[in-house]
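1. quick one, fold the following:
(2 chains)
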Amino acid sequence: MSYKQKIKAKIEKALNGSIDFVSLERTKSKEHGDIATNIAMVLAKEQKRNPLDIANEIKEKIKADESLISHVEVAKPGFINIVVGDFALAESLLEVHKLGSDFGFSPTNSKEKVLIEYVSANPTGDLHIGHGRQAVIGSCLVNLLRADGYAVSSEFYVNDYGEQITKLSDTAWTIFEKLNGKPVQWSSDFYPEELVLPYVKKALEQNKNITTKENLGQIVKDLVLKAQKDLLSSFKINFDKWFSETDLHVSKEVEAVLKKLKEKNFAYEHEGAVWFRAKDFGDVRDRVLIRSDGRSTYLLADVAYHIDKLKRSGHLITIWGADHHGQEVSLKGALKALGYDENKLEIIFVQLVSLQKEGQEVKMSKRAGTVIPVEEVLNEVGADAFRYFLIESHSDNRMVFDMDLAKKQDKDNPVYYIQYAHARCCSIFRQLEQSELKIKKEELNFSLNSNIFMNLFKANNQEYSLTKALILRILDFPEEITQAAQNRSPNRIANYLKDLACDFHQFYTSCRVISNNIELTKGRLGLIEAVKITIANGLKILGIEAPTAM
RNA sequence: GGGCCUUUAGCUCAAUUGGAUAGAGUACCUGGCUUCGAACCAGGGGGUUACAGGUUCGAGUCCUGUAAGGCCUACCA
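-> Take a look at the predicted model:
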């Protein structure tokens, strides 16, 4: 039980009821204590009394317990400010060490099943920086929800059927014929030659019996897919399942969806095509399911896919680029039409990315031909900085990727600020081994007794204050995970780690860890170890390395 | 025209979902290594949170309107 939970329980006992309806939060300023509650102001409205009176009553009831609450103060207009007792902090630090690499994490698979689908790019070209952002946000969200106890599985939907594949086959075949010296006609519908050419060449190297356009298209598609997989895993993006759209057609699931929509009269024929009554579900117009030439649309297959996913998981999260938001209403509408709860599907839209290079913003535009490939940026900045920069800001915000800053392998790069804190912690323990202090290894088992941490508080004012700030920050971590998970905001973990690293660096500058004071040294080593645990656990969620030296 | 998203320091972003004096990094200026890693720390300047109303003890946060920007608005995906 955290110190906060203990204090909450104490207030609830004093009031003889739950206080879930009020806030009990860490304060921004030290003058307001360590944590504060607005309970008196909330109750004042209900009871039509002066909030200060209520606050003072509560104050009297909860003080007189030095170990948990060392000081209580009432402030206008009715806040109750609480200073946490040293003993409670020491006990909490003991918990951190007992949990170790599980600190902050909820028990695995203790919550509902969630299936997260992300990236799902067409196997028809290179991944661009926008995909990169979706990939990083998606994988961090997978890690984050897992950390919060959800049973998460991740999936990449492969659009290996239909228009894009036809286009790819046509492009590849034309290149193939051209390589064979045959006269060809290039179409403006084709993919750029320079994009597809390397794959055609590779296909030729691997397989000499290319006979048909379909045959070549399949081979090229598989090669592109393989390249995407390799590229993604090079910055730690891995999926539990790669789901093929073709399978949905082969298994007749697509056909079944169409049949049901027709049966329920949500589909009708018009001008040779089959339409879904999307307008009935709030869309601006009805949407085509089957084109007049008989081919099915992306929408129809996507409905079938989401139904397939719903059968496998209680809750779905689908991550799309912001340019796809127009598809949300029709997809959810179709699910609803077929009797599924559309609220089980949560779509997260990731806004677009532009790039800043040498001070100039380069906007991504397919038309202008300024598509920025993942590979280009990744090779320049490395996986850690790549992930950090793409996760740092919220998915709702457009972001500018500052290439110049990300490239810097030095102090200006924020990812190093966090990693450096971790490396510094590790370095202290290396230093200990070389020191003349006689501290045995078994004396540095921090998960036995909280007494060792009480030594931390025997320090001067400045040191005490830096120590306490650092401890409180560490202890914020579990709640930070829960809130980040609830809000689908993995970027908050990045911000938290930056704050934690800052508190650590400040502490480190003023408080010498290894000294002749053996008891204080042991306490501080325990604190440093807790910092190390917390940073490592946080970076794990972000998929960023926690180096022991750099 | 309609829909989704955004607007916070010169720049890139935070702000515990309605809390107290809006914070970091960067850039600029100043100072700090004969002691655990200076990839660090301390100090300084920089803000009418786009604008105008509203809701209440209290608004960057919620509501309405206005303005600006991005994306979408196909029998493409």
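
2. how far out from the middle of the chain is stretch A:60-72?
-> Offset of stretch A:60-72 from its chain centre (Cα atoms, centre = their mean, to the nearest Å): 38 Å.

3. the helix or strand containing residue A:70 close to RNA strand B?
-> Element membership of residue A:70, judged by DSSP states H and E, is strand A:69-75. Yes: counting by Cβ under 7 Å from any atom of the strand, RNA strand B has neighbours in strand A:69-75: residue A:75. Quick note: C-beta positions are derived from backbone N, CA and C, even for glycine.

4. after that strand comes which helix or strand?
-> Following strand A:69-75 in sequence, per DSSP H and E, is strand A:79-84.

5. what average pLDDT does the helix or strand following that following strand get?
-> Using DSSP H and E, the helix or strand that directly follows strand A:79-84 along the chain is helix A:86-99. Per-residue pLDDT values across helix A:86-99 average out to 96.

6. what mean pLDDT does the next helix or strand after helix A:86-99 have?
-> Using DSSP H and E, the helix or strand that follows helix A:86-99 in sequence is strand A:113-117. Over the span of strand A:113-117, the pLDDT mean works out to 97.

7. list the buried residues in strand A:113-117.
-> Residues of strand A:113-117 classed as buried by neighbour count (16 or more other Cβ atoms under 10 Å): A:114-117.

8. circling back to that earlier point, give me the angle between the strand holding residue A:70 and helix A:86-99.
-> 120 degrees (axes from the mean of the first three to the mean of the last three Cα atoms, to 10 degrees).

9. so what touches strand A:69-75?
-> Contact partners of strand A:69-75, identified using Cβ atoms under 8 Å, 6 or more residues apart in numbering, comprise A:7, A:10, A:32-33, A:40, A:52, A:55-56, A:59, A:62-63, A:80-86, A:88.

10. if any of these are buried, put those into a ChimeraX selection.
-> Buried members of the contacts of strand A:69-75, defined by 16+ other Cβ under 10 Å, are picked up in ChimeraX with:
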select /A:7,10,32,33,40,52,55,56,59,62,63,80,81,82,83,84,85,86,88
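
11. and the contacts of strand A:69-75 near RNA strand B, which?
-> Among these, RNA strand B is touched by A:32-33, A:81 when using Cβ under 7 Å from any atom of the strand.

12. want to throw the residues you listed into TSV with distance to residue A:435?
-> Listed next are these as TSV, based on distance: Cβ to Cβ, whole Å:
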residue	distance to residue A:435
A:32	40
A:33	38
A:81	41
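
13. out of the residues you listed, who's nearest residue A:106?
-> residue A:33 (27.9 Å; Cβ to Cβ).

14. residue A:27 is in contact with that closest one, correct?
-> Yes: counting by Cβ atoms under 8 Å, residue A:27 is a contact partner of residue A:33 at 5.9 Å.

15. what about the helices in the stretch 351-500 of chain A?
-> Assigned by DSSP state H, counting those that start in this stretch, the helices in the stretch 351-500 of chain A fall at A:374-381, A:383-391, A:403-407, A:414-434, A:451-454, A:461-486, A:491-510.

16. dump these to TSV, plus mean pLDDT and distance to RNA strand B.
-> Formatted as TSV, the helices of the stretch 351-500 of chain A follow (pLDDT from 0 to 100; distance: least, Cβ to the nearest atom of the strand, whole Å):
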stretch	mean pLDDT	distance to RNA strand B
helix A:374-381	86	13
helix A:383-391	91	8
helix A:403-407	70	7
helix A:414-434	92	3
helix A:451-454	94	17
helix A:461-486	94	5
helix A:491-510	94	3
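
17. burial count for residue A:302?
-> By other Cβ atoms under 10 Å, the residues close to residue A:302 number 22.

18. likewise for residue A:37?
-> The local packing of residue A:37 (other Cβ under 10 Å) involves 22 other residues.

19. try residue A:200
-> 23.

20. and it, helix, strand or coil?
-> When classified by DSSP: H, G, I helix; E, B strand; the rest coil, residue A:200 comes out as helix.

21. next: residue A:288.
-> With three-state DSSP as the basis, the three-state label of residue A:288 is strand.

22. show me what contacts it?
-> A:273-276, A:297, A:299.

23. among those residues, which ones are in helices?
-> Secondary structure from DSSP state H places residue A:299 of these in helices.

24. partner residues bridging the residue nearest to residue A:24 when sequence neighbours are not counted?
-> For residue A:24, ignoring the flanking residues on the chain, the nearest one in space by Cβ to Cβ, 6 or more residues apart in numbering is residue A:37 at 4.7 Å. Residue A:37 has these beta-bridge partners by DSSP bridges: residue A:24, residue A:80.

25. ok, residue A:37 - contacts?
-> Each residue near residue A:37 by Cβ under 8 Å, 6+ apart is listed here: A:11, A:19, A:22-25, A:79-80, A:82.

26. do residue A:186 as well
-> When contacts are taken as Cβ under 8 Å, 6+ apart, residue A:186 is in contact with A:174, A:193.

27. likewise the one 10 residues further on?
-> When contacts are counted by Cβ under 8 Å, 6+ apart, residue A:196 touches A:168, A:171-172, A:175, A:190, A:220.

28. show me which pair in the residues you listed is furthest apart.
-> A:190 and A:220 (12.8 Å).

29. for the two, work out which one has more neighbours and name it.
-> Neighbours were counted for residue A:190 and for residue A:220 using other Cβ under 10 Å; residue A:220 has more, 27 against 17.

30. for that one, identify the helix or strand it belongs to.
-> For residue A:220, the element it lies in under DSSP H and E is helix A:213-233.

31. same question for residue A:319.
-> Here residue A:319 sits within strand A:315-321, counting by DSSP H and E.

32. next, the angle strand A:113-117 makes with that strand.
-> Following the same axes, to 10 degrees, one obtains 20 degrees for the angle between strand A:315-321 and strand A:113-117.

33. what about strand A:315-321, average pLDDT?
-> pLDDT averaged over strand A:315-321 gives 95.

34. on that earlier part again, closest to RNA strand B out of the contacts of residue A:196?
-> Closest to RNA strand B out of the contacts of residue A:196 is residue A:168 (11.2 Å), distances taken as Cβ to the nearest atom of the strand.

35. how about the nearest residue to that closest one, chain neighbours excluded?
-> residue A:124 (4.6 Å).

36. show me what contacts that neighbour?
-> By Cβ under 8 Å, 6+ apart, the contact list for residue A:124 reads A:164-165, A:167-168, A:191, A:221, A:224.

37. make it 10 Å
-> For residue A:124, the contacting residues are A:159-160, A:163-165, A:167-169, A:171-172, A:191, A:195-196, A:199, A:220-221, A:224-225, by Cβ atoms under 10 Å, 6 or more residues apart in numbering.

38. got it, and residue A:446?
-> Shown in contact with residue A:446 (Cβ under 10 Å, 6+ apart): A:93-94, A:96-98, A:100, A:452-453, A:522-523, A:525-527, A:529-530, A:533.

39. which of the residues you listed sits closest to residue A:141?
-> The nearest one, if we look at the contacts of residue A:446 relative to residue A:141 and count by Cβ to Cβ, is residue A:533, at 22.7 Å.

40. for RNA strand B, see how far away that closest one is.
-> Taking Cβ to the nearest atom of the strand, to the nearest Å as the measure, residue A:533 falls 18 Å from RNA strand B.

41. the residue lying closest to residue A:89 once chain neighbours are set aside: neighbour count?
-> Sequence neighbours aside, residue A:471 is the residue nearest to residue A:89 in space, at 5.1 Å (criterion: Cβ to Cβ, 6+ apart). Neighbours of residue A:471 under the rule other Cβ under 10 Å: 27.
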